[in-house]
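Enquirer: kindly generate the corresponding structure for this input.
(2 chains)
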Amino acid sequence: MSVLCWGRGAAGLRRALQPCGCPGLLAKEGILGGVCGPRRSSSASPQEQDQDRRKDWGHVELLEVLQARVRQLQAESVSEVVVNRVDVARLPERGSGDGGPQPPRKVQRGATGASPVPRSGWAQRLEKDKRIQRMHMQQLEVNLQMQVQSQSEELKVWPKHLQVEPRLLSKQLAVFLAPESSWEEQLPRVLQEAPRKLRLAVGRAPSTQAQLSGQQQKLLAFFKCCLLTDHLPLAHHLLVTHHSQQRKQKLLTLDMYNTVMLGWARQGAFRELVYVLLMVKDAGLTPDLLSYAAILQCMGRRGQDAGTIERCLKQMSQEGLKLQALFTAVPLSAEEQATVLKAVHKVKRTFSLPPRPPPAVNTSKLLRAVYAKDGPVSYPKLHLPLKTLQSLFEKQLCVELASKVCVVSVEKPALPSEEVTHARKTLQTLRDHWEKALCRVLQETKNHLEVEVHKGRFSLYPFLCLLDEREVVQMLLQALPAQGESFTTLARELSARTFSRHVVQRRRLSGQVQALETYYRKYLHLLASDTKVRRAPPLLLRQYWEMQMELGKQLAEMLVQATRMPSSLDNRHGSSRLVPVLYHVYSFRNVQQIGILKPHPAYVQLLETAAEPTLTFEAVDVPMLCPPLPWTSPHTGAFLLSPTKLMRTVEGATQHQELLETCPPTAARRSGRSHPTGQLRLACRPGLEAPQPEEAHLPQSATPARKAELAGSWRCQKVARRCTACGLRLYRLSLAQHLGQVFWLPHNMDFSGRTYPCSPHFNHLGSDGRCPPGPHCPPHPLSPQGRKWWMGAEEPWQTLACCMEVANAALLPPFSISRLRPLPQDGSCNGLQHYAALGRDSVGAASVNLEPSDVPQDVYSGVAAQVEVFRRQDAQRGTRVAQMLEGFITRKVVKQTVMTVVYGVTRYGGRLQIEKRLRELTDFPQEFVWEASHYLVRQVFKSLQEMFSGTRAIQHWLTESARLISHMGSVVEWVTPLGIPIIQPYRLEHKVKQVRGGIQSITYTHNGDISQKPNTRKQKNGFPPNFIHSLDSSHMMLTALHCYRKGLTFVSVHDCYWTHAADVAVMNQVCREQFVRLHSEPILEDLSRFLVSRFCPNPTPRKISQCWEASQLKETLQAVPKPGAFDLERVKHSTYFFS
Amino acid sequence: MWIPVAGLPLRLRLSALAGAGRFCILGSGAAMRKHLPARNRRGLADSSPQLLPEPDFRNPPRKASRSSLDFKRYVTDRRLATTLAQIVCGKPNRPPHLLLECNPGPGILTEALLEAGATVVALESDKTFIPHLESLGKNLDGKLRVIHCDFFRIDPRSGGAIKPPAMSSEGLFKNLGVEEVPWTAGVPLKVFGMFPSRGEKRALWKLAYDLYSCSSIYKFGRIEINMFIGEKEFQKLMADPRNRGLYYVLSVVWQVACEIKVLHMEPWSSFDVYTRSGRLENTKRKEVLELLQQNLYLIQMTPRRNLFANSLTPMNYNIFFHLLKHCFGKRSATVIDHLRSLTPLDAADILMQIGKKEDEKVVNMYPEDFKRLFETIESSEDCTYKWLYDDTLEDM
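Expert: Next comes the predicted model:
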């Protein structure tokens, strides 16, 4: 066996390291149409065998070795058995299709039977050789057969033996396999059988997916995927083979059996269903609701007689399972539910579906006004007519069905010179060839993997069947990296795309598109009229995607394997050898090496020359063309068909999803509708060109030193060029041009509840350079308040520049519509505002503009003044540093520290910040910087403590609570005032997962493991800022909802709100009101109550140490900091609260 | 620094007079401090392909000097000082080179060097020693200059502001009146010192980058470096296919670039190890005990005149480095396998050109073979694209 492994391993390694194989041989036959070398169909004829060397290098090499060995043995005149066997091995090589080779086992058996029993040492050696050969040959045969098979699809060479009948360990159960009566009769009896092997009753039922081992997750995913792709017999086969082996049986869980059972139920296949059920019993498991749902469904489909169903139901109730629960707790599609109901009705005619729970409405007091039905409600109307919206919807639907968008690049259109046309043509030819090659490789891989499953091994086969072959090939071609991309990224990307395409495909097939169209029409009507929006029905979709990396890797490897190009593209007619397009190169970072797929430089050059006029994006990466769907479940909303998640979480973290699914619909779910439908317009300057660096040629005689200098500057130029080229042909502008008129940015949120746009390429967050001017609103006169805002803006130049840009944009002919920049309103040190309000700090509140005042208060100046007071005292007392600092304490010095203190900056970090500022001061004696910064940071903290006494207390309380909770071994969780559950995902160690083999092994961290201990430091430091974030996001959400209710267009970036200048007054009012209402809630008390109920174990733990810890935790949690005397209502009258 | 200002010279003198050791070692390490496992792993970097021997220049660890094995070693024995001075200064009839002495410390060797007639520039990173060193050169008519500077932090690659003891070579050499000379000219000056006990590899990499790119000190010509190096690193540096277990990237890099001569060997066994709390008498720490059993080697590294004679240049040296790193990333593989990830050219053809067989293993290639391999690909004519490597690869 080891030899065989070596063979496979070596082949893998070869393939990994030498993607270009044996090019010399390829060059020989250079007959070929166009640029792209020979049509590389693989055939088994000996002449063409050489061509395929690259692909099956390892195997062919083995074959050669074997042949040589045979010759050697022949020379030694050995028994003809060996020769015969070699002939068998050669059969496919000769391309014989006569009957096809036999399955390997037969060959083996025959051979062993024929060979004489060896006695002497020589004979033993021979026998050993033979054994090795036999193994080689089996391997060879499999491979060669696969080749043959791939060529002649119609010629089914590989006999498909899929096991249907299970092998049961229990003799008593095995009786059922040969029934005297019909299968239908059998079922209730099987159900009555007690499960075997009670040993497994405990500890065998992992409750969540996260607790399954990697192997188990893979298997479960395999079964589910088989169900999706109609490969049920295959799933059954694997289940049976696993079940029949003691060791492998341990991997199987009830979920897996249920999955297969459900599959059979859907097909109404009774015999197979009973088989699975037998296996369930045999494995010592008890059927649960899901199993019964499947059984009943199957019976419903077959129109079973009442007797059987009755006995079945009886058994079910005996096991303590409720009939009602079948319809409430089991996720079934409407059709399935009807089938089950049909079966049930045969026995219990009066049974009716349990009443649907009324759609849960958010119970938060804060939102009552929003959802109140009374009174006229004015939602902002889109200024677009219904017809336009509908056509936009259709456009978007098309885009999402295609899963990609082609965008015309704004880069100066290259004149289609001869060179360019030629390059484009070449590219097209290449792509056509690659398409074919990829198709072939995909088929080969699939065949190979299918054989693996037949052998009872897990493989990726069903996953590759998720999409039809053409689509996979298209996707792969589209993903061909143009610049070089990390292998891992590519793999992840590919699997994500597969998944999203699959979801779209399924939705299309299941007729959801039509349903969606009707719903969306109604929705559009709503946007024009003013009735209340009904929730769309939840689209059933379970996400399980553990196979991510494996699948992505397989796909990426296929891409590498299949694509090749002639070594020189210039050589138009001459024959040239084929070289791979993608190379697997390592890049060396600090301690790790990163595998990168790098395209052949000639290909990169070709792409550049061709300067293709279009860019392709994934549909989910660009903003939407029509108003997004409201979020109706954690997985549904925003995009019409493509899957998106409501909450962005760390990959693999299922905890959030589970929590979200169980919580009642919150404001967050509604946010998709109400909040971020900012309609943006973008300025766009056509015809930008990337600067070309001058490529000077250096004379050979130049001195090394000179060369070195040049090398430096060249590198700079290259980088600069790449940057511009990488704004990859200015894709943002291209996108903007593509979107042109109006578009929508669907939002989702991060774990702390802050919202972000879904599309990464183009949004209103991020650096100024790409920041498009905010929402477009119908023109209004600029209000006086707006002007005041501009004058008071902190960085007037930046603002002005932004305005100028808008003005510029407006001047461009296609966009010359009169328009105004939306007005951003920014909270002054928003984090501190929330803290001050939480703690009711009078002084603090005044300094962050919560208190009405004639002039805007500036907290930074305030802190600086307070620090100055302390400094003066110290200076009088004779402290040298304090004296030294006279005149240096300015707003600027303390600003950063004050700003970041809310977000948990420590003394250490604060000192570094101040040190930086002090170093910038030229006249400050630099040798005192350390001392001075040390002194200052203490004073800043002291001042803050003085001014925001409540703030520090709250921060301390939060930190301490988090520390204790984390010590108890849990991660901190809480619920925002709007009811969004939040979990801090910081854990001590991430599980490192590795996918081995192939081109390279991929290592990635997996965060889904909830059994890991929490990272106390991160939990502790993260809690205060995350909590404040959850408050400011609540405030934002409230403001958004109420603004929307009042008919305002609203955009926000966390704590900066934008609306149209004319609406500022309304928004300001709403914003203040909501702030007051939010903080009028007993936020901290609620938090304390929640944390106590969540984390304080009710029966006190036995261990004394734990007991002590628990009591300490409870004490801390209940010691909510006392609020100060500030009157919140005054915020409503503060002019500068948000400005 | 942690060295008490007044106490130090006294302690040094004591140790020197006692004659207990020929070197004096000062260690910052608290002996009790646990040895970090991370360090251990880094130490194994050569054998594991996952880890890369190149240190990160951008983020030098802040606490490096606090490491428990970070000793300062100074020559404190007069006899040894005289021997070394003779070795470094060469024959008395030759005009002496300008000599940069790195971290002379108490200045015993400096005195010996001055006596041997050398012109010495003492680059001392520790301010404590500077007054004493300056006093040594008082009556010597400018034969000794003392500069507060850390030789291993000249032109730090991290960029940013350069604060003493880091320095720019430009400023330093201008200050010393050293002129640039062409690469093919003679050796403009010599450097004498010891590689920092912890960061030998880091220092070697920094110097290698400087050398191949002809920047920093090597901008001024082929500067000869005489350094004491630890036994382990020495063996690795000098390794080749005959000693393949230790053969790694730096061996090739340095053997290609320089002629390396061993001038002297000095055992560690007689060292005094000083920690912050004083002299360490009986240590039970394995690492320290191991160190004490090793030798220190004084090696002379003279850059080769013909290093850039062919197609290897200061502009494409990074490709050469990448080639080496790639090859040694999986050292048991064959060269041809690596070549296929390095160049789009026909790998078999190239191997034929350099006269190697197709199944040549990486560890069987001598340093000069690597250079020839690189130059063959670099100078292959009929192809536009010679390498898959480009600068973008490093920032990806």
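Enquirer: use CA for all of it now, contacts and neighbours both
Expert: Fine.
Enquirer: on the three-state scheme, the residue sitting nearest the centre point of chain B is what?
Expert: Geometric centre of chain B, nearest residue: residue B:204, 3.6 Å, by CA atoms, centre = their mean. Following DSSP: H, G, I helix; E, B strand; the rest coil, the label given to residue B:204 is helix.
Enquirer: please list all residues in contact with it.
Expert: Shown in contact with residue B:204 (CA atoms under 8 Å, 6 or more residues apart in numbering or on different chains): residue B:250.
Enquirer: go again with 10 Å.
Expert: By CA atoms under 10 Å, 6 or more residues apart in numbering or on different chains, the residues touching residue B:204 are B:54, B:55, B:152, B:195, B:210, B:233, B:237, B:250, B:253, B:254.
Enquirer: same list (those) but as TSV, adding pLDDT, distance to residue B:72 and secondary structure.
Expert: Shown next, in TSV, are those (pLDDT from 0 to 100; distance: CA to CA, whole Å; DSSP: H, G, I helix; E, B strand; the rest coil):
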residue	pLDDT	distance to residue B:72	secondary structure
B:54	41	23	coil
B:55	41	21	coil
B:152	89	14	helix
B:195	88	10	coil
B:210	92	25	helix
B:233	91	17	helix
B:237	92	22	helix
B:250	92	24	helix
B:253	94	27	helix
B:254	95	25	helix
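Enquirer: which two among those are spaced furthest apart?
Expert: B:210 and B:233 (19.4 Å; CA to CA).
Enquirer: that older thread, show the model's pLDDT score for the residue nearest to the centre of chain B.
Expert: We note a pLDDT of 93 for residue B:204 in this prediction.
Enquirer: stretch B:286-306: how far from the chain's middle?
Expert: Counting by CA atoms, centre = their mean, to the nearest Å, stretch B:286-306 is centred 9 Å from the centre of its parent chain.
Enquirer: show the pLDDT at residue 286.
Expert: I'll assume chain A. At residue A:286, pLDDT is 82.
Enquirer: switch to chain B, please.
Expert: Residue B:286 is given a pLDDT of 73.
Enquirer: next one: residue B:127
Expert: 84.
Enquirer: over to the one 4 residues further on?
Expert: Taken from the predicted model, the pLDDT recorded for residue B:131 is 89.
Enquirer: equivalent analysis for residue B:198, please.
Expert: If you check residue B:198, the pLDDT there is 77.
Enquirer: how about residue A:249: what's its closest non-neighbour residue?
Expert: Residue nearest to residue A:249 in three dimensions, not counting chain neighbours: residue A:243, with 4.6 Å by CA to CA, 6 or more residues apart in numbering or on different chains.
Enquirer: now the longest helix anywhere in chain A: buried residues?
Expert: In chain A, taking DSSP state H as the definition, the longest helix is helix A:418-454. Neighbour-count burial for helix A:418-454, with 16 or more other CA atoms under 10 Å in any protein chain shown as criterion, is recorded at A:420-421, A:423-424, A:426-427, A:429-431, A:433-451, A:453-454.
Enquirer: what's in contact with the very next helix or strand once past it?
Expert: Once helix A:418-454 ends, the next helix or strand along the chain (criterion: DSSP states H and E) is helix A:461-464. Here helix A:461-464 makes contact (CA under 10 Å, 6+ apart) with A:221-232, A:234-235, A:442-443, A:445-453, A:472, A:495, A:498-499, A:547-548, A:550-551, A:554-555.
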